[in-house]
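# here is a sequence together with a model predicted from it:
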Protein chains: 2
Amino acid sequence: MHAAQPATARVSLPPALADALTARFGSRYSCAESICLQHGKDESSHAPEPPDGVVFAESTEEVAAVVKLCHDHRVPIIAFGTGTSLEGHLLAIHGGICIDLRGMNQVLAVRPEDLDATVQAGVTRKQLNNALHDTGFFFPIDPGADASLGGMAATRASGTNAVRYGTMRENVLGMTVVLADGRIIKTGGRARKSAAGYDLTRLFVGSEGTLGIITELTVRLYPIPEAISSAVCAFPDIAAAVSTVIEIIQLGVPIARIELLDALALKAINVYSKTSLREAPTLFFEFHGSPASVEEQARTVEDIAASQGGMDFDWATRPEDRSRLWQARHDAYYACLGLKPGARALTTDVCVPISRLADCINETIADIAESRLLAPLVGHVGDGNFHLVLLLDPDNPVEVAQARAFSNRLVERALRLEGTCTGEHGIGIGKQKYMAQEHGDAALDVMRAVKQALDPENLMNPGKVLPAR
Amino acid sequence: MHAAQPATARVSLPPALADALTARFGSRYSCAESICLQHGKDESSHAPEPPDGVVFAESTEEVAAVVKLCHDHRVPIIAFGTGTSLEGHLLAIHGGICIDLRGMNQVLAVRPEDLDATVQAGVTRKQLNNALHDTGFFFPIDPGADASLGGMAATRASGTNAVRYGTMRENVLGMTVVLADGRIIKTGGRARKSAAGYDLTRLFVGSEGTLGIITELTVRLYPIPEAISSAVCAFPDIAAAVSTVIEIIQLGVPIARIELLDALALKAINVYSKTSLREAPTLFFEFHGSPASVEEQARTVEDIAASQGGMDFDWATRPEDRSRLWQARHDAYYACLGLKPGARALTTDVCVPISRLADCINETIADIAESRLLAPLVGHVGDGNFHLVLLLDPDNPVEVAQARAFSNRLVERALRLEGTCTGEHGIGIGKQKYMAQEHGDAALDVMRAVKQALDPENLMNPGKVLPAR
């Protein structure tokens, strides 16, 4: 099921570079095949492409030294966080040196008084939240994987909390970035807002390592709400669930999470998590606020859901009950994989304006039925973003071709409905073919001009984000 | 009181360009001295610099045509919205053609179902909110002036609601932009989030017309809260008021507005607005939400304020009472001008992390006292952003020099406290001297590389944002 990839033009590693890396990093530089292979694959369905060597960096200065050496030798450079990208972001399709940032895992500062924290890029989201334990604050962005914050920023990641707290776009205040020639810059700052010059922070957020390597980040924190409650509610059909979502958003209910799973996903969850939830389209909710506000939000949502035929509205305020509900949601991906033992997953990621969500999902469900694909749906529907987990036998070319054709139709549909080909997974190599259609040739040319300006030798994660002309 | 400006290198307008503009635009192109002068000054203290001609454009295609003609003749191009910039953003310091966008004042689409609206760049914030009348939605960003949305995006503007709703950075979903060579691009889109490529929207937001001209924008709307209440509270000193702000923010109270005015500003307001508010440091609050949530927020804030010695806590839910309270706040700038008849104002704009706000304000107040300046303070303190309205006799060089020296010290202080030289007014020509100190030479070089990539002939609002090398 491996995707067609751009023609690779691998350059063999100059021995002088390998020598220099060994001299500088000793055993923290490796070109062992097993190490390179580990760093040449992500969680996507794209074929592995190992780098020619891996440096385990421990500081911004070390990253800068590697980049400078690679720049001098005109060798590609790829940053590696946790290897959990979903579109082939980290594949070394042109060879080169991978910089593993997992050793840069220090939480440098936690400042509850300013609601921010500064971390090295290799710190994962769970590690940060563990470090915040007992401070009363948390970091809300939660992609499925326990990804590194550097990787999450580079991918413009989000997750289930984005409807209330935004994505990495809104939650990175500033960064330290190593440029293509090894220079180190700081972007942004710690002020909550600034009108001082071009927004370099937002330029590097979502650039997938193609403009520079993020080595440190200052991110926003939020007070842990005084009260949290969760709820689930089943619906007679997807349309009723989506109508409920739209009404909640339009009413301005400050909901923290609102997740849709379809009947097939519920079936998978019941098997995997040994639950007995109704196997029907279901919304999972989470409410944050004061006790009174949370209760009021839940009542409002319950009323809206009831008016749309919602059933079995069940809400929970005790932590253990909330955990039980949300654990089922968090296990959905693995539960879905269990629907077809031995299968691999191709996960789609479109996002549309919320008024088009019902159309997009309904057309997609009809398409699934017609395609006879096994494809449970899970979605961050408060943002208009939903995923289908296409379950495939990777050795069955017919299934693979059907899934790819379906994924193409889904993206075409989302773009027709004024949406985007990727809400949170990024472009990598997998979505480049949609860039011109989504942005237009002229806007794509602007992106290319920016790339050329910041990385004229095309050494930073080459072959990603921007399609070849 | 006019600031030193970069050496101008005016190029006289090529007659062929003037002829082409006349042929295309007829009476909507003018090089009359009075018209040019009107378009060569903003609300800053910088000396006027009129353009060589003004085109009154009515569509994106017309803007593109002007830019293309100017590009062919290598003549500078400056966009004009409402002329309310505060740092000389629109001064034609290198001459050229001004494109007045006030004729592009169509609200193109209001989509309550998606909580967004698309407008031409000349639509002002009040015009948009008038167009939203009866929809149940509003657009929250409110700089002091009734600025155009294109200008607000170009300046990365904010205002009193930013603590809850963010700035233009968070509230522009997509834009139509005319590039330096006249090509038209669309950035972003209508999906609430996207991980598809470089964030061109955020690159143009805050670029002050130096990378392209924003001609249309899609902005986020918000439901008008079910309940709104306002409150004022006086404090024994600034420190107590600031401590109250910090505690409110750290508790996660979803406050919509929290504004600080000092005793001198209150004195000015009492004279100007015929109120009898206590002439002491005062916080103005606004709460948005359900009736219960709003009451709960107000009670929480009242408790916090009381613990800091807050006095005369007065809160209002009836629209007329809220208007009365906030009208006084909104009139503060003009009230301050009234403290010194005939004076002009130099308005500062630093923003610091909230933990440094008390230090920054306290040091600044001591500085004011020592400088014997007349300088009331008004601030969006929930963001760490505050302004001093330095009242000056423009013909008194000693006062002017004192004010400029004070402003320099204030920026130095804010940068030392990890803040920014401008929270919301922008760089224009007035703040360029701080760019290297705030961002560092390497980051400034990245901004220059982006500028060079998008505007290699340096025709888009030349001489702004980026200091000459």
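Arrived safely. Numbering: from 1, shown residues only, chains lettered A, B, ... in the order given.

# every contact and neighbour count from this point should use C-alpha atoms.
Fine.

# which parts of the stretch 101-250 of chain A sit against chain B?
Taking CA under 8 Å from any CA of the partner chain as the measure of proximity, the stretch 101-250 of chain A contacts chain B at A:112-115, A:155-157, A:167, A:170, A:183-200, A:202-207, A:222-223, A:225, A:246, A:250.

# tell me which of these fall in helices.
Among these, the ones falling in helices (DSSP state H) are A:155, A:170, A:200, A:202, A:203, A:204, A:246, A:250.

# wait, doesn't the fifth one sit right on residue B:197?
No - with the criterion set as CA atoms under 8 Å, residue A:203 and residue B:197 do not qualify as a contacting pair; they are 9.6 Å apart.

# neighbour count: the two, which is higher?
Comparing residue A:203 with residue B:197 by neighbour count (other CA atoms under 10 Å in any protein chain shown), the higher total belongs to residue B:197, at 27 against 21.

# how about that one, phi and psi?
Main-chain torsions, residue B:197, degrees, to the nearest 10: phi 90, psi -170.

# tell me the contacts of it?
Applying CA atoms under 8 Å, 6 or more residues apart in numbering or on different chains, we find residue B:197 in contact with A:206, A:207, A:426, A:427, A:435, A:447, A:465, A:466.

# low-confidence ranges in chain A?
Scanning chain A for pLDDT under 70 picks out A:1-11.

# centre-most residue in it?
The structure's chain A has its C-alpha centroid closest to residue A:157; by CA atoms, centre = their mean the separation is 3.7 Å.

# does that one touch residue A:167 like I think?
Yes - counting by CA under 8 Å, residue A:157 touches residue A:167, with 6.2 Å between them.

# quick check: residues of the stretch 251-400 of chain A near chain B?
Residues of the stretch 251-400 of chain A lying close to chain B by CA under 8 Å from any CA are A:251, A:252, A:292, A:293, A:351, A:352, A:353, A:354, A:355, A:383, A:384.

# give me the buried subset of those.
A:251, A:252, A:293, A:351, A:352, A:353, A:354, A:355, A:383, A:384 (16 or more other CA atoms under 10 Å in any protein chain shown).

# now the last one: how far from residue A:307?
Put plainly, it is residue A:384. Separation of residue A:384 from residue A:307 (CA to CA, to the nearest Å): 21 Å.

# where do the strands sit along the stretch 151-300 of chain A?
A:172-178, A:184-188, A:213-220, A:222-223, A:227-234, A:257-261, A:282-289 (DSSP state E, counting those that start in this stretch).

# among those strands, which is the most enclosed?
Stretch with highest mean neighbour count among those: strand A:213-220 (a mean of 27; mean count of other CA atoms under 10 Å in any protein chain shown).

# show me what that strand is packed up against.
When contacts are defined as 3 or more CA pairs under 8 Å, 6 or more residues apart in numbering or on different chains; DSSP states H and E, strand A:213-220 packs onto helix A:60-73, strand A:116-120, helix A:149-155, strand A:172-178.

# after the longest one, which helix or strand is next?
The helix or strand immediately downstream of helix A:60-73 is strand A:77-80, counting by DSSP states H and E.

# quick one: is stretch A:34-44 near chain B?
No - using CA under 8 Å from any CA, we find that stretch A:34-44 stays clear of chain B, coming within 16.0 Å at best.

# count the neighbours of residue A:23 for me.
Residue A:23 has 11 nearby residues by other CA under 10 Å.

# contacts for the strand or helix carrying it?
Per DSSP H and E: residue A:23 is located in helix A:15-25. Helix A:15-25 has contacts (CA under 8 Å, 6+ apart) with A:28, A:29, A:55, A:66, A:69, A:70, A:73.

# returning to that earlier point: quick one: the strands of the stretch 151-300 of chain A as JSON lines, columns for distance to residue A:443 too.
As requested, the strands of the stretch 151-300 of chain A are arranged in JSON lines below (distance: least, CA to CA, whole Å):
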{"stretch": "strand A:172-178", "distance to residue A:443": "24"}
{"stretch": "strand A:184-188", "distance to residue A:443": "24"}
{"stretch": "strand A:213-220", "distance to residue A:443": "23"}
{"stretch": "strand A:222-223", "distance to residue A:443": "35"}
{"stretch": "strand A:227-234", "distance to residue A:443": "42"}
{"stretch": "strand A:257-261", "distance to residue A:443": "33"}
{"stretch": "strand A:282-289", "distance to residue A:443": "37"}
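
# can you tell me which residues contact the closest residue to chain B within the stretch 51-200 of chain A?
Residue of the stretch 51-200 of chain A nearest chain B, by CA to the nearest CA: residue A:194 (4.1 Å). Residue A:194 sits next to B:156, B:351, B:420, B:421, B:422, B:423, B:424, B:426 when contact means CA under 8 Å, 6+ apart.

# got the phi/psi numbers for it?
When read as degrees, to the nearest 10, the backbone of residue A:194 gives phi -160, psi 140.

# measure it to residue B:422 for me?
According to CA to CA, residue A:194 stands 6 Å off from residue B:422.

# what touches both of the two?
In contact with both residue A:194 and residue B:422: residue B:351, using CA under 8 Å, 6+ apart.

# find the nearest non-adjacent residue to residue A:378, please.
Nearest non-adjacent residue to residue A:378, counting by CA to CA, 6 or more residues apart in numbering or on different chains: residue A:261, 4.5 Å away.
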